[in-house]
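S.K.: Need a 3D model of the sequence below.
(one chain, ligands or ions: 2)
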Amino acid sequence: MSYVTNLKCRECGQEYPITPVHVCETCFGPLEVVYDYARIGKLLTRATIESRAKNLWRYRELLPVEGEPEMGPFSGFTPLLHARRLGAEVGLSKLYIKDDTVNHPTLSYKDRVVSVAITKAREFGFTTVSCASTGNLATAVAAHAARAGLRCYIFMPEGVESGKIVGSTIYGAQVITIRGNYDDVNRLCSEIADKYGWAFVNINLRPYYTEGAKTFGFEVAEQLGWRLPDHIVVPTAGGTILPKVAKAFKEFTQLGLVEGKFKIHCAQAAGSAPVIAALHKGTDLIVPVKPDTIAKSIAIGNPADGFYVLKAVRESGGWGEGASDAEIVDAIRLLARTEGIFAEPAGGTTLAVTLKLASAGRIKPDETVVVSITGNGYKTLEAVAGIIEQPVSIGARLAEFDALYERLPNGKRAVAGAA
Ligand SMILES: *Cc1c(COP(=O)(O)O)cnc(C)c1O
Ligand SMILES: [Zn+2]
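M.R.: Numbering: from 1, shown residues only. Ligands and ions are numbered 1, 2, ... in the order given. Modelled structure (predicted):
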């Protein structure tokens, strides 16, 4: 049983039935799922949610599926970690990491949106699923399609990390790389969706797919003990997750599950920061850019929902910054070294931007701040492999190790010096 009533155009308000459509016929605005909040409010309590399995479907009344959800029984409900060592180092006492590096089964936030989209694709009766992807979506769609027994076509720009190509092909998906950037891939996929009638999770299933991103926000609020953070920093690529986290916080507030205020901040890689440029200029006009950054999973130069990112950030009183590739790598290393979490460049971007916001005084030392870590560094080894220290090679003899230990910068002398 579902609490969804219909789709509605975000711009002109025209309503549509629950079908695989994503743009308004009248004004080309994006369509969004509408829920019957009055009915949900009567039955959804903290206790009900807490009694359920620890996956993203514990918030099922606020997700757009009809029957028993079939996909993602282990997706979502990732750790929210109080990062004390990192916090001490950067002067933020209530710094939390929302850690989607360990999302099941493909180690990024995309397992949330895809769990919902593939469940919906099956409800609609599709037999082929597809997506335009910067990499993480590809692996998530390929894995969930395999589990669902659906045919799968993946489209990615040339030059994405091998972990994302291998990590999609392994599931039996047909992977196609396009000579162009993500925006070229997306344009082609819209044409293929029209012609072939496949379910493109982030195109014709977009209204359902994007709702899955709310679960990131629901979990943060629940895991903080049914509170909203003072600040949450979220990366932006196409602009799905950020406005949906804000929507999640608002829905929980409206349903009386949490109270209080939050500021939501946007993080982009400086080499692909059209939303940050518009934010800093104080305009709604997002000028597309050609991405050039190691943060390939968030390298989208013409974000579909950039406007709604700006809106959510401004409504909350939040802000945003870009991070250079060097800052991204530094932040990846800092997080790994202090908390034992290996993020991909999108995570490095988010942490780097959090530190900038703190230095600028926008986040105070004792305020609660959640850093959204959306993807796993093991899939993007290329981003840091050439930069970090190389291993030292020796023969399998104790004398060789003894000699080495004498001269290692963190070896015998360092240990003796510390004693
Ligand atoms: C897709 C993705 C994002 C955010 O993308 P949106 O399109 O803005 O939702 C962030 N981090 C990672 C690792 C991603 O793969
Ligand atoms: Zn419209």
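S.K.: The least confident helix or strand in the chain by mean pLDDT - contacts with which helices or strands?
M.R.: None of the helices or strands of the chain scores lower by mean pLDDT, DSSP states H and E than helix 412-418, at a mean of 78. Applying 3 or more Cβ pairs under 8 Å, 6 or more residues apart in numbering; DSSP states H and E, one finds that helix 412-418 contacts helix 398-407. C-beta coordinates here come from the backbone N, C-alpha and C atoms, glycine included.
S.K.: Quick one: list the elements packing against the helix it packs on.
M.R.: helix 412-418.
S.K.: Go ahead and measure how far the helix it packs on is from the middle of the chain.
M.R.: 42 Å (Cα atoms, centre = their mean, to the nearest Å).
S.K.: and for that helix, what are the contacting residues?
M.R.: 405-406, 408 (Cβ atoms under 8 Å, 6 or more residues apart in numbering).
S.K.: switch to 10 Å and redo it
M.R.: 402, 404-408 (Cβ atoms under 10 Å, 6 or more residues apart in numbering).
S.K.: cool, and stretch 282-289?
M.R.: With Cβ under 10 Å, 6+ apart as the criterion, stretch 282-289 contacts 183, 239, 268, 271-279, 281, 299-303, 306-307, 309-311, 314.
S.K.: Let's see which of those residues end up in strands.
M.R.: Gln268 (DSSP state E).
S.K.: and Thr89, what is it in contact with?
M.R.: Residue 89: Glu, not Thr. Contacts of Glu89 by Cβ under 10 Å, 6+ apart are 83, 95, 334, 337-339.
S.K.: residue in the stretch 201-350 of the chain nearest to ligand 2?
M.R.: Of all residues in the stretch 201-350 of the chain, Pro207 sits closest to ligand 2, at 12.8 Å by Cβ to the ion.
S.K.: ok, then the element right after the strand or helix carrying that residue?
M.R.: Take DSSP states H and E as the rule and Pro207 turns out to sit in helix 206-211. Tracing the chain past helix 206-211, the next element assigned as helix or strand by DSSP H and E is helix 214-223.
S.K.: who in the chain is up against ligand 2?
M.R.: Residues of the chain that fall close to ligand 2, judged by Cβ under 5 Å from the ion: 9, 11-12, 14, 24, 26-27, 29.
S.K.: Might you enumerate the residues of the stretch 301-419 of the chain proximal to ligand 1?
M.R.: 344, 346, 374-375 (Cβ under 6 Å from any ligand atom).
S.K.: er, the chain actually
M.R.: Counting by Cβ under 6 Å from any ligand atom, the residues of the chain that sit close to ligand 1 are 108-110, 136, 235-241, 297-298, 344, 346, 374-375.
S.K.: Please tell me how far stretch 65-75 is from the chain's geometric centre.
M.R.: Worked out by Cα atoms, centre = their mean, stretch 65-75 lies 19 Å from the chain centre.
S.K.: how about that stretch: buried residues?
M.R.: If you call a residue buried by 16 or more other Cβ atoms under 10 Å, then stretch 65-75 has these buried ones: 65, 69-72, 75.
S.K.: what about stretch 28-40, average pLDDT?
M.R.: For stretch 28-40, the mean pLDDT works out to 97.
S.K.: From the opening residue of that stretch to its closing one, how far?
M.R.: 30 Å (Cα to Cα, to the nearest Å).
S.K.: In helices, which of the residues of the stretch 301-419 of the chain next to ligand 1 fall?
M.R.: Those of those mapping onto helices are Ala346, per DSSP state H.
S.K.: and the two most separated of the residues of the stretch 301-419 of the chain next to ligand 1?
M.R.: Across those, the longest distance by Cβ to Cβ is 7.9 Å; it joins Glu344 and Thr374.
S.K.: That'll do, ta.
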